[in-house]
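1. From the sequence below, what's the structure:
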Amino acid sequence: MRKSRLKPAVALLLGSVLALSALTFSSCGGGSDNIRGWDSDPIVPGYSMAEVNIGDPFSAVLEIHGDPEQKLKDGGYLYAYYERTQEGGKIDDPASWRLVVTLYDDGNGYLDGADEVGSIEVSAPYSGLTSGGVGIGSSPGEIEGEFGPCENITETQEAAGNRMLLYSYVQKGVDFLVSPPHGAITVVVYAYGGLRPIEEDNGGDDAQGGLFGIYGNAPILAGQTVAGINVGDEFRAVKEKYGGPDSTGFTTEGLVYATYTGGYGPWKLNVYLEDKDANNALGDFDTVVSISVRSPYAGLTPKGVGISSSTVAAVAEFGPPEKQSDVEHQGEKLTILEYNTKGIVFAARAGTGEIVEIDVNRPFAP
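-> Residues are numbered from 1 along each chain as shown. The predicted structure is shown next:
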């Protein structure tokens with residue numbers, strides 16, 4: 001599995017692009033009027049924060065936060081800044097904005113709705129916490145208590161000469177900028193492994209549509225198909241569409257699986273198959289029993305339910321779930337709606353009801 005190591009938006013705080021402040025320009029939007037209800041959203045490393053998801057298009061950011069107050073372009077990266085908290089400093093001074101979103105430029109050289117979110121950065125008074133209770137104001141001991149000893153700590157100084165420490169957990173998708181007297185002053189969430197190198201945006205697979213390519217809008221049919229893969233397909237048919245997986249394995253239920261990330265970050269496509277030769281290894285003739293998709297997949301059910309839809313919409317189309325449960329996975333609290341006789345399952349954020357995963361399965365009796 002290919003992992004990219006590149007510092008996210010907090011790199012701005014450490015002075016790596018100080019000379020670029022001349023590239024900023026003002027936006028006549030209503031950013032500061034629109035960002036009052038999101039600052040208690042949970043911090044989910046590798047996935048989301050401030051009601052923004054890694055991999056979201058900028059259009060989704062605009063719906064929640066409105067137009068940014070400042071923008072900056074640095075090569076193929078774009079930065080959207082919301083609500084300045086410190087006046088008179090440079091654009092990249094530590095904790096000088098409540099929210100900074102880093103995006104991959106879709107190739108036209110300016111910020112627009114199609115640009116993809118790469119990282120989310122927040123500062124005080126943000127009050128959202130990780131599943132272990134870490135957030136703005138947390139001490140290094142509290143940070144390491146949840147995430148383990150940090151092997152990548154960078155020391156720097158802010159303009160006033162105060163010592164700053166960046167605790168970077170690249171493989172877990174989160175950074176903490178710490179002022180020793182005050183604890184964490186900034187938190188950054190990005191995909192597992194960090195921002196992908198910008199040169200990847202020049203190719204087809206990592207542009208908008210990403211891993212799914214021409215199947216990015218393929219229909220979702222319960223019990224039958226999603227992302228162009230059909231229940232009952234042999235794995236060789238999956239490989240023809242998506243190539244070799246980033247990782248494989250087997251389950252205690254006698255299934256094998258293929259995981260696809262698109263080359264960076266968390267998984268976006270998981271395919272589970274019946275292990276036809278019972279050798280606990282993926283083979284060309286193993287048959288698909290379940291397909292799981294996450295963002296940026298954009299396909300819809302016949303009545304328009306997809307990733308980022310609400311559970312209300314799912315229930316309106318499929319009726320009350322046959323089984324509903326709450327789980328916690330990698331720090332994210334999820335509500336699971338199961339329609340096993342119909343062959344579809346939805347996973348949604350417990351707090352908002354936003355669907356983050358859809359599984360199309362071989363139907364079975366309750």
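
2. Walking through the stretch 1-150 of the chain, point out its strands one by one.
-> Shown for the stretch 1-150 of the chain, the strands assigned by DSSP state E, counting those that start in this stretch span residues 25-26, 48-49, 52-53, 70-74, 77-84, 97-104, 116-123.

3. Can I get the ones you listed in CSV including mean neighbour count and mean pLDDT?
-> (Each C-beta comes from the backbone N, C-alpha and C, glycine too.) Compiled in CSV, the strands of the stretch 1-150 of the chain are given as follows (neighbours: other C-beta atoms under 10 Å; pLDDT from 0 to 100):
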stretch, mean neighbour count, mean pLDDT
strand 25-26, 10, 32
strand 48-49, 26, 94
strand 52-53, 23, 94
strand 70-74, 19, 84
strand 77-84, 23, 91
strand 97-104, 25, 93
strand 116-123, 26, 94
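
4. Turn those strands into JSON lines, columns for distance to Ala222.
-> Shown next, in JSON lines, are those (distance: least, C-beta to C-beta, whole Å):
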{"stretch": "strand 25-26", "distance to Ala222": "47"}
{"stretch": "strand 48-49", "distance to Ala222": "26"}
{"stretch": "strand 52-53", "distance to Ala222": "24"}
{"stretch": "strand 70-74", "distance to Ala222": "42"}
{"stretch": "strand 77-84", "distance to Ala222": "37"}
{"stretch": "strand 97-104", "distance to Ala222": "33"}
{"stretch": "strand 116-123", "distance to Ala222": "28"}
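
5. out of those strands, which comes closest to Gly228?
-> When these are compared by C-beta to C-beta, strand 116-123 sits nearest Gly228, at 21.1 Å.

6. packing partners for that closest one?
-> Judged by 3 or more C-beta pairs under 8 Å, 6 or more residues apart in numbering; DSSP states H and E, strand 116-123 is in contact with strand 48-49, strand 52-53, helix 58-65, strand 97-104, strand 183-190.

7. now with 10 Å?
-> strand 48-49, strand 52-53, helix 58-65, strand 77-84, strand 97-104, strand 174-179, strand 183-190 (3 or more C-beta pairs under 10 Å, 6 or more residues apart in numbering; DSSP states H and E).

8. So what's the residue count around Glu63?
-> Per other C-beta atoms under 10 Å, the neighbour tally for Glu63 reads 13.

9. I'd assumed Trp38 was in contact with it.
-> No. Taking contacts as C-beta atoms under 10 Å, Glu63 lies outside contact range of Trp38: 11.3 Å.

10. Between these two, which contacts overlap?
-> Glu51 (C-beta atoms under 10 Å, 6 or more residues apart in numbering).

11. Next one: Glu328 from Tyr169, what distance?
-> For Glu328, the distance to Tyr169 equals 19 Å [C-beta to C-beta, to the nearest Å].

12. Equivalent analysis for Arg98, please.
-> Arg98 is 22 Å from Tyr169, by C-beta to C-beta.

13. likewise Pro266?
-> Relative to Tyr169, and taking C-beta to C-beta, Pro266 is found at 14 Å.

14. Looking at Glu328 and Tyr169, which one has more neighbours?
-> Tyr169 (20 against 10).

15. wait, what's in contact with the more buried one?
-> 45-46, 143-144, 146-148, 150-152, 175-176, 192.

16. farthest pair in those?
-> With C-beta to C-beta as the measure, no two of the contacts of Tyr169 lie farther apart than Glu144 and Tyr192, at 18.8 Å.

17. Who has more neighbours out of these two?
-> Tyr192 (22 against 17).

18. does that one sit in a helix, a strand or a coil?
-> What DSSP: H, G, I helix; E, B strand; the rest coil gives for Tyr192 is coil.

19. Which parts of the stretch 101-250 of the chain are helices?
-> Residue ranges of the helices in the stretch 101-250 of the chain, as given by DSSP state H, counting those that start in this stretch, are 140-147, 235-242.

20. For the last one, name the packing helices and strands.
-> When contacts are defined as 3+ C-beta pairs under 10 Å, 6+ apart, helix 235-242 packs onto strand 229-230, strand 255-260, strand 269-274, strand 287-293.

21. Run the chain-centre distance for it.
-> Computed by C-alpha atoms, centre = their mean, to the nearest Å, the chain-centroid distance of helix 235-242 equals 25 Å.

22. Could you give me the buried positions within that helix?
-> For helix 235-242, the neighbour count (16 or more other C-beta atoms under 10 Å) marks 235, 237-238, 242 as buried.

23. Stretch 285-300 too?
-> 286, 288-300.

24. likewise stretch 163-179?
-> 164-170, 172-179.

25. Ok, stretch 308-319 next?
-> Quick answer for stretch 308-319 (16+ other C-beta under 10 Å): 309, 311, 313-315, 318.

26. tell me the mean pLDDT over it?
-> The average pLDDT for stretch 308-319 rounds to 95.

27. what does stretch 284-296 give?
-> Stretch 284-296 shows an average pLDDT of 94 in the prediction.

28. Please save the CA atoms from stretch 163-174 in CSV.
-> The C-alpha trace of stretch 163-174 is given here as CSV (Å, rounded to 0.1, in the frame of the first residue of the first chain):
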residue,chain,number,x,y,z
ARG,A,163,8.7,27.5,22.1
MET,A,164,6.2,25.3,20.1
LEU,A,165,6.1,21.6,19.7
LEU,A,166,4.4,19.7,16.8
TYR,A,167,3.3,16.2,17.8
SER,A,168,2.8,14.4,14.5
TYR,A,169,1.0,11.0,14.2
VAL,A,170,1.2,10.7,10.5
GLN,A,171,0.0,7.1,10.3
LYS,A,172,-3.0,7.9,12.5
GLY,A,173,-4.0,11.0,10.6
VAL,A,174,-3.6,13.7,13.3
